[in-house]
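Participant: Provided below are the primary sequence and the corresponding predicted coordinates.
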Amino acid sequence: MTYRYDLFVIGAGPGGLSAAKKAASYGAKVAIAESAHVGGTCVNLGCIPKKLMVYAADFAEFAHLAQEYGWSQETPKFSWQQFKQIRDRELDRLRHVYQSKLKDKGVELLQGAAAFVDEHTISVNDQKFTADKILIAVGGKATKPNISGIEHAVTSDEMFHLEKLPKRLAILGGGYIGVEFSSLMRGLGVEVFLMNRECCILEGFDDTVRNTVRNELVDRGIHSYCNTTAEKIERVGDNIQIQLTGDRSDLLTVDTLLCATGRIPNLEHLNLDTIGIEQDNKAIAVDEFSRTNLPHIYAVGDCTNRKQLTPVARAEGRAFAETVFGKSQMAIDYHLIPSGVCSRPEAATVGMTESEAQEKFGDRIKCYQTEFTPLLRTLSQEKRQSLIKFVTHDDRILGIHIVGDDAIEIIQGFALAMQKGLTKAELDHAIAIHPSSAEELFS
Ligand SMILES: Cc1cc2nc3c(=O)[nH]c(=O)nc-3n(C[C@H](O)[C@H](O)[C@H](O)COP(=O)(O)OP(=O)(O)OC[C@H]3O[C@@H](n4cnc5c(N)ncnc54)[C@H](O)[C@@H]3O)c2cc1C
Ligand SMILES: NC(=O)c1ccc[n+]([C@@H]2O[C@H](COP(=O)([O-])OP(=O)(O)OC[C@H]3O[C@@H](n4cnc5c(N)ncnc54)[C@H](O)[C@@H]3O)[C@@H](O)[C@H]2O)c1
């Protein structure tokens, strides 16, 4: 049987793009279908626009800090409309860069929603295409809990395109998205109410990090309601009224409600049932080589049940292409993947939390913790603390957790060193750069 393509990729996000380009570099004839914008969630509605908004918000804090350094007092004004225009111009440029990279590699881009017709046939805009191998890389979408009136809540997708900045914003969910948006919106001058149903924000992070970030958010004026969720939501005129339940049970009135309660795979329009692809908890079930139960169909990124992070989707895409079209079988090592929350303060983490290490090694673990004021902040009246915590066992570093300026940039190199089995003694013998925040990791 001959097929039109060696590989058909569904979804041009980080996972699909990296797989398509790598497979093409091995000489495969590749097509990629995209129903929205090339670049996927990351470029269009995720990492990149989010981080640009974080930077936009930072200028408010820096303008304040500048006065402590002797700059004269002026009140800078922020224009949301102007920022959106400038940001969208940059996202457009990025999309073009990704498109021309596909073209350079000879990958054919098909604009439209793809669905399975049979095991080797995909339809896009009523046209049918056959392929020997198929990669599903359709990513995820925001999910909303079943709460009366939840249709009045927006998701992170809409937050990027709001007509105007909210005056009072409530956020349901204290995970990555809830914490990042609460912080950046506060930075832009919005009154923010952050609700999470657990005892603290950032479930899964080390408890010290969770508590430190929360205290700092509160210090910056965010109302943080833990053990609290929404029972009922109603639109009243231009406002949204939220009946809270849990530790807080009052009626909260805001103009915008962001639902940030998690993301699920985006599988509903693919016709997966017609070909019998097995699922695992609403995601596509795959083995260590990203292969589904059908041996010629693979899946990578947020539509599988692994880590919902851009570098992970990219790595899975590359590993798939290497395994199927390259020279060696490649599986991803999910151990020690660093991640960071772009809140103010920033939080970054790699490896085990203290409680995870305790569960595994009991009282034999040892933690080291240091808190300090970064040099940049020492002239300020508002003392912003940074925090570094090591979790070790028999001197081997099991986890590093950082809160404060540049935490995300600092942790990257240490994650690599940990993968190489770094011990605390080795770190203490190394020579750091001074003055810096990262030097605080060295003894
Ligand atoms: C607000 C937000 C902020 C984030 N910030 C970060 C961050 O700072 N760092 C980080 O590592 N991760 C971050 N993430 C997560 C990151 O965006 C995802 O993990 C990553 O984009 C997953 O890549 P993917 O290729 O699996 O899917 P996606 O990027 O979602 O791409 C999937 C693509 O498939 C397309 N598609 C879907 N169905 C079809 C179909 N039937 N036919 C054709 N095309 C289809 C979609 O339109 C989309 O373009 C963030 C996510 C969000 C929502
Ligand atoms: N900086 C980054 O790397 C980054 C940034 C954004 C998103 N992401 C990725 O996207 C994924 C999705 O982000 P997210 O923040 O939507 O999900 P999340 O899983 O990180 O957090 C969702 C939070 O909502 C809470 N929740 C669920 N239902 C609730 C309810 N009814 N009431 C109150 N709280 C409720 C959950 O307990 C959880 O704490 C993340 O897991 C992450 O992998 C990464």
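Facilitator: Okay, I see it. Ligands and ions are numbered 1, 2, ... in the order given.

Participant: in this protein, which residue sits closest to ligand 2?
Facilitator: residue 175 (1.9 Å; CB to the nearest ligand atom). To be clear about C-beta, it is placed using only N, CA and C from the backbone, and glycine gets the same treatment.

Participant: contacting residues around that residue?
Facilitator: Residues near residue 175 by CB atoms under 8 Å, 6 or more residues apart in numbering: 196, 201, 202, 203, 260, 261, 262.

Participant: low pLDDT regions in this structure?
Facilitator: For the chain, no stretch is flagged by pLDDT under 70.

Participant: residue contacts, the most centrally placed residue in the chain?
Facilitator: The residue lying closest to the centre of the chain (CA atoms, centre = their mean) is residue 309, at 5.3 Å. Residues in contact with residue 309 (CB under 8 Å, 6+ apart) are 337, 339.

Participant: could you do residue 134 as well?
Facilitator: Applying CB under 8 Å, 6+ apart, the residues contacting residue 134 are 7, 8, 9, 10, 120, 122, 296, 297, 298.

Participant: equivalent analysis for residue 214, please.
Facilitator: 200, 201, 202, 224, 226.

Participant: who wins for neighbours among those?
Facilitator: residue 201 (28 neighbours; other CB atoms under 10 Å).

Participant: where's it relative to residue 176, distance?
Facilitator: From residue 201 across to residue 176, the span is 10 Å (CB to CB, to the nearest Å).

Participant: residues of this structure that sit close to ligand 1?
Facilitator: 10-16, 33-36, 40-42, 45-47, 50, 113-114, 137-140, 156, 177, 266, 269-270, 301-302, 308-311, 313, 342 (CB under 6 Å from any ligand atom).

Participant: buried ones among those?
Facilitator: 10-16, 33-35, 40-42, 45-47, 50, 113-114, 137-140, 156, 177, 266, 270, 301-302, 308-310, 313, 342 (16 or more other CB atoms under 10 Å).

Participant: looking at the residues you listed, which are in helices?
Facilitator: Members of those lying in helices (criterion: DSSP state H): 14-16, 40-42, 45, 47, 50, 156, 177, 310, 313.

Participant: quick one: which of the residues you listed is nearest residue 82?
Facilitator: Taking CB to CB as the measure, residue 82 lies nearest residue 50 of these, at 18.3 Å.

Participant: list the residues that contact the closest one.
Facilitator: 156, 180, 184, 342.

Participant: near ligand 2 too, which of these?
Facilitator: Contacts with ligand 2 within the contacts of residue 50, as defined by CB under 6 Å from any ligand atom: 180, 342.

Participant: go ahead and confirm residue 182 touches residue 222.
Facilitator: Yes - using CB atoms under 8 Å, residue 182 is in contact with residue 222, at 5.3 Å.

Participant: report the closest residue of the stretch 251-400 of the chain relative to ligand 1.
Facilitator: Residue nearest to ligand 1 within the stretch 251-400 of the chain (CB to the nearest ligand atom): residue 301, separated by 2.0 Å.
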